Structure formats: structure tokens, C-alpha cells
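Visitor: task: produce atomic coordinates for the following.
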Amino acid sequence: MPGYAKSGRIPETTKMDMKIPVINAIGKIDQVGFVVDDLREAVNFWANRCGVGPFFVMEHVPYDKFTYFDKDSDVDLGLAFSYVGSLQIELIFQHNDTPSVYTTLKKTAPNGLVHMARYTDDLDAASSGLKRNGAKVIQYSLDDKGVETIYLDTDLHNGGLIEFIKVREVHKRRRGLIQKAVQQWDGTNPYRRIDNDNPFAAADS
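Guide: A predicted model of the protein is given here:
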């Protein structure tokens, strides 16, 4: 993947281009995302080993637009969401092998951390600091419910990609419902499907 270091040292161009600390260019971290080999297996592991759950799952996310390095990509993704405190945990499974940051990661590691993400109302404003430091958008997506995401090439090592996520008000409310469900979870039914036509169905159950 472009951006991964071949040696243990930071390239000189990276040192010179870094005008401000990366964390200041990001702002805050709302989510961490992990590529997994099987959504249900990963959910059960997080629930049984770590006590994290329940996870709210979209097994096939419908996209209106998905590009990787400015080329259209017919990606078929399954996503699962839960929380540890205020930090959202996202589990990602790609059903096919079309180009994406997820299939690129799997060329260097079987699975694992792929990104840290921030929710925002303005993708351009949120990403401006990283862009000033030389980062470029390598992946863009727009799903059928209006959720937009961009990934920037901040990947000196696995898990270093930064994602910014723009959502509508309905999804902000759903995040709150999921957090409430996590706080009240009794350990049962860790794998809960989200109804794409009714985004509150799973979180309200």
C-alpha cells in the first residue's frame, strides 16, 4: 500500500512536511476500525473474550459511490458497530476482493486495525490539516442513506489510515441509541442486524 514504510525509519520528506503534530490535524478519535475474516466470529470473540457488545450489523452495505485511488470499485462490505465507553468499535468484512483499503491491508496482514476515524459535519474542513501536511484522499464512499467517508494516506504502518465520516442527523441519533444499548447490555444476543430501511429497528430492540 502506498505509504507503508519499507524500513524502520520515517522518510525525510515526511519529517520535513510535518508542520504540526498529526493528532492536532485529526482533532479527535471517535472510532477505530478492524478488518476481520468473519463478522459473526469477530463479534462473538469481542463479546465473549472482551465483554464488548452488543454489535449492530449491516451485512451488505449498499453504496451509491465507492472509489479507491479515484477509480470506481464495486465493493461489498459488511460492518458491525459497538462501543467501549465513547469510542466506537467498527468491524469490517469485505465479501469480495475488489480494490479498497481493506483488501490492500490483507496483502500485508491477514486482518487487524485499519483506521482511526473522526465523525464530522464537514469533510473538507476536518481533513484540511492533514491535507496541508501532504496527505491525499485515497478512498471515498457514499452509501444509499447519505453517509460519506474519506480515507487519507497516513499509513506509515498498518492501522495508520485516518478516516473522516460525515453522517446525517438520523445516523447521529442511531449512534446514541447504540451507545445506550451497550450501556444496558446484559450479555445476550451480541450480534444484532440493522434494518437498512429502518435504522432504529435493531437499536430499539
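
Visitor: ok, which stretches of this structure are strands?
Guide: All strands of the chain, identified by DSSP state E, fall at 31-35, 55-58, 63-68, 71-72, 77-84, 87-94, 112-120, 137-143, 148-152, 161-166, 191-193.

Visitor: point to the residue nearest the middle of the chain.
Guide: Centroid-nearest residue in the chain, with CA atoms, centre = their mean: Gly33, separated by 4.4 Å.

Visitor: any idea what that one is bridged to?
Guide: Assessed by DSSP bridges, Gly33 has beta-bridge partners Glu90, His115.

Visitor: most neighbours per residue, which of the strands of the chain?
Guide: Ranked by mean neighbour count, those are led by strand 55-58 with a mean of 24 (mean count of other CB atoms under 10 Å). Where you see a C-beta, it was placed from the backbone N, CA and C, and this is true even at glycine.

Visitor: neighbouring contacts of that one?
Guide: For strand 55-58, contacts defined as CB atoms under 8 Å, 6 or more residues apart in numbering pick out 39, 43, 46-47, 78-82, 89, 91, 178, 181, 190-194, 196, 202-203.

Visitor: again, only this time at 6 Å
Guide: Outside strand 55-58, the residues that touch it by CB atoms under 6 Å, 6 or more residues apart in numbering are 43, 79-82, 178, 190, 192-194, 202.

Visitor: and that strand, how far from the chain's centre?
Guide: Relative to its chain's centre, strand 55-58 lies at 13 Å (CA atoms, centre = their mean, to the nearest Å).
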